[in-house]
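> pasting the structure only:
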């Protein structure tokens with residue numbers, strides 16, 4: 001392979017995805033770089049400008065111009081960090097979240113249209129080829145936070161949620177098959193009957209494979225959402241995936257009008273509990289119980305969305 005081979009591929013691929021005229025490609029007034037910044041803000045809602053610049057390798061002046069444009073368009077708000085006044089905290093407004101959602105939908109439609117032209121037998125070859133490119137060009141470097149993508153579940157992902165929950169909780173906590181049955185019922189209920197406007201599943205993907213998940217469903221109490229089945233694969237921990245999944249769920253619940261979020265967990269899940277605390281969840285009750293073949297201490301946690309700040 002030569003330099004010219006790679007450059008030829010780059011020219012071919014950027015033309016295929018419309019990178020050179022991204023705004024016209026998605027019928028939106030934003031370039032590819034601007035759309036990427038908006039994407040990062042939508043998936044990391046508690047981001048400082050310095051973090052954005054580092055993660056996206058952008059020039060400080062260029063990023064500042066982008067954020068100025070977003071602020072003029074009413075998409076973001078910038079405030080001084082409570083911990084360091086020199087850092088600027090950037091959050092999406094409601095209009096910003098709506099814009100990011102619209103751009104994501106149009107991008108999905110565009111990619112879907114592209115995939116529709118690929119015969120089914122070739123899709124697995126295409127997926128494997130893309131995975132190979134990522135692996136070779138990463139040159140063994142460890143995964144980074146920005147390599148993780150949060151997406152909606154595709155075919156087979158809900159089955160993965162059941163399988164990985166059962167396997168991980170058995171390996172790490174000794175849970176028996178009763179837990180797999182519980183997860184299977186939760187997932188089956190969601191798959192068979194859920195309101196897509198009020199309930200959602202997020203899959204965290206790294207290098208083309210799922211490495212985490214979380215589910216938002218309606219609770220029995222009116223106006224209350226329930227967080228369920230937060231999971232991060234052991235080899236993907238340390239990348240802030242659990243924090244991003246919970247953050248995405250909290251932002252979604254707030255955006256669709258839930259008043260609060262509740263969850264049930266056990267005190268042995270220390271890492272998960274620390275994530276809940278960082279997002280403002282408060283312990284409301286706990287009770288010992290025997291479930292899944294183990295003696296456990298169950299805990300109820302709640303987040304008041306009316307009082308929680310973004």
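All right, it came through fine. Model, not experiment: these values are computed from the prediction.

> in a strand, that's where residue 285 is, yeah?
Yes. When classified by DSSP: H, G, I helix; E, B strand; the rest coil, residue 285 is found to be part of a strand.

> Which strand residues bridge it?
Applying DSSP bridges to residue 285 gives these bridge partners: residue 300.

> My understanding was that it contacts residue 300; is that so?
Yes. Assessed by Cβ atoms under 8 Å, residue 285 is found in contact with residue 300 at 4.4 Å. The C-beta positions use only the backbone N, C-alpha and C, and glycine is treated the same way.

> out of the two, which sits in the more crowded spot?
residue 300 (15 against 10; other Cβ atoms under 10 Å).

> Wait, residue 212 touches residue 241, no?
Yes. Using Cβ under 8 Å, residue 212 is in contact with residue 241, at 4.5 Å.

> Give me the common contacts of the two.
148, 204, 232 (Cβ atoms under 8 Å, 6 or more residues apart in numbering).

> for this protein, what spans make up the strands?
Ranges of strands in the chain, per DSSP state E, are 47-48, 76-80, 88-92, 148-151, 200-206, 209-218, 224-232, 260-266, 282-291, 294-304.

> Which pLDDT value goes with the spatially most central residue of the chain?
Centrality entry for the chain: nearest residue to the mean C-alpha point is residue 150, 3.0 Å, by Cα atoms, centre = their mean. Listed pLDDT for residue 150 reads 89.

> list the contacts for it?
Contact analysis of residue 150 by Cβ under 8 Å, 6+ apart lists 43, 202-205, 244-245, 248.

> what do you get if the cut-off is 7 Å, keeping everything else the same?
Residue 150 makes contact with 43, 202, 204, 244-245, 248, according to Cβ atoms under 7 Å, 6 or more residues apart in numbering.

> Dump the residues you listed into a markdown table; add distance to residue 165 as well.
Formatted as a markdown table, the contacts of residue 150 follow (distance: Cβ to Cβ, whole Å):
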| residue | distance to residue 165 |
| --- | --- |
| 43 | 23 |
| 202 | 15 |
| 204 | 14 |
| 244 | 19 |
| 245 | 14 |
| 248 | 19 |
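
> Let me have the residues you listed in JSON lines, adding pLDDT and distance to residue 127 as columns.
Listed next are the contacts of residue 150 as JSON lines, based on pLDDT from 0 to 100; distance: Cβ to Cβ, whole Å:
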{"residue": "43", "pLDDT": "70", "distance to residue 127": "22"}
{"residue": "202", "pLDDT": "96", "distance to residue 127": "21"}
{"residue": "204", "pLDDT": "94", "distance to residue 127": "18"}
{"residue": "244", "pLDDT": "92", "distance to residue 127": "24"}
{"residue": "245", "pLDDT": "94", "distance to residue 127": "23"}
{"residue": "248", "pLDDT": "92", "distance to residue 127": "24"}
